[in-house]
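Trainee: what shape does this take:
(one chain, ligands or ions: 2)
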Amino acid sequence: MLPLTAFSLSEKQVHLFDFHPIMESAIGVLVSQFKAYAGKDGSSDTLSRDEFQKLVKSELSNFVKNASDPAAIDQLMSSLDMDNDGELCFLEFWQLIGRLANKHGGFSQ
Ligand SMILES: [Ca+2]
Ligand SMILES: [Ca+2]
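Mentor: Residues are numbered from 1 along each chain as shown. Ligands and ions are numbered 1, 2, ... in the order given. Alright, predicted model coming up:
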């Protein structure tokens, strides 16, 4: 008989087996990806310009045109940064997800 510890799962693995409806899982993915990129420098709750650029290049390059063009990223970031503090909080970033989803879904503007 194998020791019990052979079957023990990390908290992260157990979390993967939790049942969530697909939309809630999608929200979970967006939040965890946001946090992963936001945690690289400065405030771990907000995306700096560098963090935003890395996220867009790595995660959204098919949906965001000119994802590797720094000028395009700057412009996109300014359009999302509602309080003009040079950082994107989750709700500011979320507008981009809404816009991309709207466009990708073929909804009228
Ligand atoms: Ca940050
Ligand atoms: Ca901001």
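Trainee: off-centre distance for stretch 63-71?
Mentor: Offset of stretch 63-71 from its chain centre (C-alpha atoms, centre = their mean, to the nearest Å): 16 Å.
Trainee: again, but for stretch 19-39
Mentor: In this view, stretch 19-39 has its centroid 7 Å away from the chain centroid, taken as C-alpha atoms, centre = their mean.
Trainee: list the contacts of it.
Mentor: Outside stretch 19-39, the residues that touch it by C-beta atoms under 8 Å, 6 or more residues apart in numbering are 44-47, 51-52, 54-55, 59, 90, 93-94, 97. The way it works is simple: take the backbone N, C-alpha and C, and place the C-beta from them, glycine included.
Trainee: mind naming the longest helix for the chain?
Mentor: helix 22-38 (DSSP state H).
Trainee: can you list the residues of this structure near ligand 1?
Mentor: Residues of the chain lying close to ligand 1 by C-beta under 5 Å from the ion are Ala38, Gly42, Ser43.
Trainee: 6 Å instead, please
Mentor: Residues of the chain lying near ligand 1 by C-beta under 6 Å from the ion: Ala38, Asp41, Gly42, Ser43, Ser44, Thr46, Leu47, Ser48, Glu51.
Trainee: using ChimeraX, define a selection of the buried residues within the residues you listed.
Mentor: Buried residues among these (16 or more other C-beta atoms under 10 Å), as a ChimeraX selection:
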select :38,46,47,48,51
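Trainee: which of the residues of the chain next to ligand 1 fall within strands?
Mentor: If you go by DSSP state E, these have nothing in strands.
Trainee: out of the residues of the chain next to ligand 1, who's near ligand 2?
Mentor: Answer for the residues of the chain next to ligand 1 near ligand 2: none qualify (C-beta under 6 Å from the ion).
Trainee: for the residues of the chain next to ligand 1, which one is nearest Asp83?
Mentor: The closest of the residues of the chain next to ligand 1 to Asp83 turns out to be Thr46 (C-beta to C-beta; 10.5 Å).
Trainee: which one is that closest one nearest to, not counting chain neighbours?
Mentor: Of all residues not flanking Thr46 in the chain, Glu87 sits nearest, at 3.9 Å (C-beta to C-beta, 6 or more residues apart in numbering).
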